[in-house]
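Colleague: would you be able to build a 3D model of this:
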Amino acid sequence: MSRPLLVLYGSQTGTAQEVAERIGREGARLHFNTRVTSMDSFPLTELPASTLTVYVASTTGQGEEPDNMKKTWKFLLRKNLPTDSLLTQRFGVLGLGDSSYPKFNHVAKKLSRRLLQLGGVQLLQPGLGDDQHDLGPDFVIDSWLEQFWGL
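Modeller: Numbering: from 1, shown residues only. Reported below is the predicted structural model:
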């Protein structure tokens, strides 16, 4: 039985990509058929067919999306997308940000809301990693992944 897992990331400095690749490795160890790629490298026409997807997104500057997810971001925010576009998709969102900025993890929060509006089924509340935490973003990432793999 095939257990596909798509891991899409939006990363400006490489941190979200590293987290996405870690999820891909852990998924492969758990016998998932994993695919890890940047959001803008993934064909958007295939997104509705992805039944299990983890989105890893960093927030840059003053609440902006990373360069390698700008095309996907613009597409997902289109107002004319049907609200049942992602009915078959179960998803989770991991955000990477810095709580010293006013728009802490803005991209991950907005992405999660939009995926729900498009009919996706959210498996967990978004994990919001914080560079300012004493243990870094891994404090949130580790516990979020533990819950995700336990589903």
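Colleague: what's opposite Thr60 in the beta bridge?
Modeller: On the basis of DSSP bridges, Thr60 is bridged to Glu64.
Colleague: wait, it touches Thr15, no?
Modeller: No - taking contacts as CB atoms under 8 Å, Thr60 lies outside contact range of Thr15: 10.7 Å. Where C-beta positions appear, they are placed from N, C-alpha and C, glycine not excepted.
Colleague: any chance you could map the strands in this protein?
Modeller: In the chain, the strands defined using DSSP state E lie at 4-10, 33-38, 52-58, 90-97, 121-122, 127-130.
Colleague: would you list those in CSV and tack on distance to Glu64, mean neighbour count and mean pLDDT?
Modeller: Shown next, in CSV, are the strands of the chain (distance: least, CB to CB, whole Å; neighbours: other CB atoms under 10 Å; pLDDT from 0 to 100):
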stretch, distance to Glu64, mean neighbour count, mean pLDDT
strand 4-10, 10, 24, 98
strand 33-38, 16, 18, 98
strand 52-58, 10, 27, 98
strand 90-97, 11, 25, 98
strand 121-122, 23, 14, 98
strand 127-130, 17, 23, 97
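Colleague: can you put these in TSV and add distance to Leu76?
Modeller: What follows is the strands of the chain, written out as TSV (distance: least, CB to CB, whole Å):
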stretch	distance to Leu76
strand 4-10	11
strand 33-38	14
strand 52-58	10
strand 90-97	12
strand 121-122	15
strand 127-130	19
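Colleague: for those strands, which one sits closest to Asp67?
Modeller: When the strands of the chain are compared by CB to CB, strand 4-10 sits nearest Asp67, at 8.4 Å.
Colleague: and that closest one with strand 90-97, angle?
Modeller: Strand 4-10 runs at 30 degrees relative to strand 90-97, counting by axes from the mean of the first three to the mean of the last three CA atoms, to 10 degrees.
Colleague: just checking: what are the partner strands of strand 4-10?
Modeller: Within its sheet, strand 4-10 is paired with strand 33-38 (parallel), strand 52-58 (parallel), according to DSSP bridges.
Colleague: find the nearest non-adjacent residue to Phe32, please.
Modeller: Using CB to CB, 6 or more residues apart in numbering and skipping the chain neighbours, the partner closest in space to Phe32 is Leu5 (4.1 Å).
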